[in-house]
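K.L.:
Need coordinates for the below:
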Amino acid sequence: MSEEDPTRRRPDPGAGSDVPASGASGSGRPEPGRSGSGQAGSGDARSDRGGADRGGADRSGSSRAGADPRSDSARTGSRDSRADRSRSGRVGSGGARPGRGGSTRSSSERSSGERVVSDRARRTTRTRSRRRDPRRGKIIRRRIVALVVVFGTLGLLYGVYFTPLLGVRSVEVLGTKDLTKPQVLDAAAVPSGNPMLTIDLAAIRDRVAALNRVASVNVSRSWPATVRIDVAERVAVGVIKTPGGAHLIDHTAKDFATVPSAPAGLPELQLTSSAITDPTAVAVVQVLMAVPEKIRAEVLSVSAKSPNSVVLALSAGRQVRWGGTADSPRKAAVLAALMSQPGKVYDVSSPQLATISNP
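P.N.:
All right, here's what the predicted structure looks like:
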């Protein structure tokens, strides 16, 4: 009987927990032909680490018995760390088998939980920041002030437009000479008590302007409760004498009034018609207005048979033959120069060939 090789000795069954769990490959499957020799050394490993480590314990017991103690201790530590990770995986996943799938589920669950907690914390932070934000109070106060201003403005507008709060209480008439204030007020017909902003100023103006003596009129509001009417009356530049009285004619040839007798200082317009549509009447009035003011004061009468044959009779028996309305400014300048010379008839109908004659 030969002497037993020390390197082939079987390991002590009681020391199986100290033998490394796996070989260099780390595959976890027992090698063929070595299952019998590894069963004795893997009993304690079966109870501590589960069936997944049985093959590694058998192989380490049979093939690594004579290996370097330092490598054995390294392998033992690696096996223990894998066993610990396996146990933690089973606990964290509710008893699931250790491995990559369980670890993935555990990680996703942890991520989902962390997101839920993070969302809740974020909402809580926002809520607290809103409650503590002093700007919210300022915004609310500003909105309240804006609403008060809006409703106050609406109330004021309603009071001004639809109530007698700012109604008409008086009417002021200015600029009258021959017209009387009652005549203007009767024509204006301003509704008393109506809101100032609803008064139709244009309608009042048109009614007052319909008076013959009114040349122009301006109607305005004088706050808080007065309507102001400014009147400009027509000014007579001539008079047409008729059996029924003297008709006053203004610078537009309008017959705006009839008086019992002609006012002093007005020249007589010797016309058959006083209508402003009559071209002869219009020409007479235009020539009279074109005469220099100093000479106009000496005009006694103006006559014309046609628009181009206007003749002015002056004091002291003098006469001015004017002709038509063409070149009236030049004729007026020439006449002013001729009047410095003695004469009876001054003909400026052709200003280039003006003449003075003594018939």
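
K.L.:
Could you list the low-pLDDT ranges of the stretch 51-200 of the chain?
P.N.:
Counting by pLDDT under 70, the stretch 51-200 of the chain contains low-confidence ranges at 51-117, 125-133.

K.L.:
Quick check: mean pLDDT of stretch 319-330?
P.N.:
Mean pLDDT, computed over stretch 319-330, is 95.

K.L.:
Give me the buried positions along that stretch.
P.N.:
320-325, 327-328 (16 or more other C-beta atoms under 10 Å). C-beta here means a position set from N, CA and C on the backbone, and glycine is covered the same way.

K.L.:
Take the residues you listed and keep only those in strands.
P.N.:
Those of the buried residues of stretch 319-330 mapping onto strands are 320-323, per DSSP state E.

K.L.:
Helices of the stretch 251-359 of the chain, start to end?
P.N.:
279-290, 293-296, 328-338 (DSSP state H, counting those that start in this stretch).

K.L.:
The residue nearest to residue 324 when sequence neighbours are not counted and residue 326: what is the separation?
P.N.:
Nearest non-adjacent residue to residue 324, counting by C-beta to C-beta, 6 or more residues apart in numbering: residue 308, 3.8 Å away. Per C-beta to C-beta, to the nearest Å, residue 308 is found 8 Å from residue 326.

K.L.:
Pull out the buried positions in stretch 251-262.
P.N.:
The neighbour-count check on stretch 251-262 (16+ other C-beta under 10 Å) flags 253-257, 262 as buried.

K.L.:
average pLDDT across stretch 218-236?
P.N.:
Rounded mean pLDDT across stretch 218-236 is 95.

K.L.:
gap between the two ends of stretch 239-259?
P.N.:
10 Å (C-alpha to C-alpha, to the nearest Å).

K.L.:
pLDDT on that stretch, on average?
P.N.:
92.

K.L.:
Just the strands from the stretch 201-350 of the chain, written as ranges.
P.N.:
Ranges of strands in the stretch 201-350 of the chain, per DSSP state E, counting those that start in this stretch, are 214-222, 226-233, 238-242, 245-249, 255-259, 268-270, 299-304, 310-314, 319-323, 345-347.

K.L.:
The nearest residue to residue 266 once chain neighbours are set aside: neighbour count?
P.N.:
Excluding its sequence neighbours, the residue lying closest to residue 266 (C-beta to C-beta, 6+ apart) is residue 239, at 4.7 Å. For residue 239, the neighbour count with other C-beta atoms under 10 Å is 24.

K.L.:
can you check residue 291 too?
P.N.:
23.

K.L.:
you'd agree it is up against residue 299?
P.N.:
Yes: applying C-beta atoms under 8 Å, one finds residue 291 in contact with residue 299, separated by 6.6 Å.

K.L.:
Residues that sit against both of those two, list them.
P.N.:
Common neighbours of residue 291 and residue 299, counting by C-beta atoms under 8 Å, 6 or more residues apart in numbering, are residue 312.

K.L.:
sorry, back to before: most packed of the helices of the stretch 251-359 of the chain?
P.N.:
helix 279-290 (a mean of 20; mean count of other C-beta atoms under 10 Å).

K.L.:
how much space is there between the nearest residue to residue 303 once chain neighbours are set aside and residue 168?
P.N.:
Leaving aside its sequence neighbours, residue 303 sits nearest to residue 270 (C-beta to C-beta, 6+ apart; 4.0 Å). Per C-beta to C-beta, residue 270 is found 49 Å from residue 168.

K.L.:
Looking at those two, which is more packed in?
P.N.:
residue 168 (19 against 16).

K.L.:
That one reaches residue 224, doesn't it?
P.N.:
No: with contacts counted by C-beta under 8 Å, residue 168 stays clear of residue 224, the gap being 10.1 Å.

K.L.:
what's the overlap in contacts for the two?
P.N.:
Common contact partners of residue 168 and residue 224 (C-beta under 8 Å, 6+ apart): residue 196.

K.L.:
how close does residue 245 sit to residue 211?
P.N.:
19 Å.

K.L.:
The two - which one has more neighbours?
P.N.:
residue 211 (19 against 15).

K.L.:
Contacts only, for that one.
P.N.:
179, 183-184, 187 are the contacts of residue 211 under C-beta under 8 Å, 6+ apart.

K.L.:
Redo the residues you listed as CSV? Include secondary structure and distance to residue 123.
P.N.:
As requested, the contacts of residue 211 are arranged in CSV below (DSSP: H, G, I helix; E, B strand; the rest coil; distance: C-beta to C-beta, whole Å):
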residue, secondary structure, distance to residue 123
179, coil, 82
183, helix, 82
184, helix, 77
187, helix, 77
